[in-house]
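# Below is the sequence, then the predicted model.
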Amino acid sequence: MPRSGFTLLEMVLVLMLIVIAASFAAPMMDSLLHPNQVGAAIDAVRTSFEQTRARAMEEGRPFRFSVVDGGVDYKIEPDDTDVNADEGFVLTGKLPEPCLFVPGGTGIIDPGTTATQGGALKSVAVFLPDGTARDDVELSFGRPGLARATLRLRAITGAVNLRGGQSHGATER
């Protein structure tokens with residue numbers, strides 16, 4: 001006698017296979033649907049580095065670029081030690097979500113990492129009036145679950161290159 005339907009066990013097994021396949025596909029779909037987040041973060045930080053360098057040269061005084069480790073916030077402000085100096089130009093910004101700044105290194109950003117809200121700013125780079133920076137700097141950021149992107153600032157030239165992570169546009173300026 002031929003069967004005309006499926007048993008409950010067969011339906012549950014097929015459903016489990018679909019759920020397992022979907023759990024593997026979900027992160028890939030997120031990357032396909034939002035591919036430009038890390039690229040936008042790279043562009044935002046590069047632009048901010050260039051703005052900081054240009055502002056230092058324009059005003060003839062050092063400017064610093066600060067970030068919140070594990071957060072999304074960054075700030076550009078004068079690095080003068082004179083307390084009475086007019087603050088002047090101050091720019092704050094954020095990385096596009098869900099990107100965040102992470103302590104240096106290479107590899108995948110822990111998927112459980114979440115952005116720190118209102119953390120302490122840490123000075124990353126100081127741009128001098130002659131267009132150089134005080135020190136060579138490596139700044140890492142990216143999306144949780146993906147490889148981090150690291151921008152490297154050369155102190156002597158002020159050039160910014162991308163090391164690791166996703167490439168977006170030209171890798172050296």
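Now that the structure is in, tell me what you want to look at.

# Can you show me the helices along the protein?
8-33, 37-59 (DSSP state H).

# what are the C-alpha coordinates of the shortest one, in CSV please?
Right, the one you point to is helix 37-59. Provided in CSV are the C-alpha atoms of helix 37-59 (Å, rounded to 0.1, in the frame of the first residue of the first chain):
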residue,chain,number,x,y,z
GLN,A,37,30.3,49.5,6.3
VAL,A,38,34.0,48.8,6.8
GLY,A,39,34.8,50.7,3.6
ALA,A,40,32.8,53.7,4.9
ALA,A,41,34.7,53.4,8.2
ILE,A,42,38.0,53.3,6.3
ASP,A,43,37.1,56.4,4.3
ALA,A,44,35.8,58.3,7.4
VAL,A,45,39.0,57.7,9.4
ARG,A,46,41.3,58.5,6.4
THR,A,47,39.3,61.7,5.8
SER,A,48,39.6,62.6,9.5
PHE,A,49,43.3,62.0,9.4
GLU,A,50,43.6,64.3,6.4
GLN,A,51,41.4,67.0,8.1
THR,A,52,43.5,66.8,11.2
ARG,A,53,46.8,67.1,9.2
ALA,A,54,45.4,70.0,7.1
ARG,A,55,44.1,71.8,10.2
ALA,A,56,47.5,71.5,11.9
MET,A,57,49.3,73.0,8.9
GLU,A,58,46.6,75.7,8.4
GLU,A,59,46.6,76.9,12.0
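
# picking up where we left off before, out of the helices of the chain, deepest packed?
helix 37-59 (a mean of 19; mean count of other Cβ atoms under 10 Å). Where you see a C-beta, it was placed from the backbone N, CA and C, and this is true even at glycine.

# ok, and what's touching that one?
The contact list for helix 37-59, computed with Cβ atoms under 8 Å, 6 or more residues apart in numbering, reads 62-65, 74, 76, 78, 88-89, 91, 93, 95-99, 125, 127-131, 133, 139, 141-143, 146, 149, 151, 153, 158, 160, 162, 165-166, 168-169, 173.

# What's the PyMOL syntax to select whichever of those residues are buried?
Per 16 or more other Cβ atoms under 10 Å, the buried members of the contacts of helix 37-59 correspond to this PyMOL selection:
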select buried, resi 62+63+64+65+74+76+78+95+96+98+99+125+127+128+133+139+141+142+143+146+149+151+153+158+160+162+165+166+168
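
# Narrow the contacts of helix 37-59 to those in strands?
Secondary structure from DSSP state E places 63-65, 74, 76, 78, 91, 93, 125, 127, 139, 141-142, 149, 151, 153, 160, 162 of these in strands.
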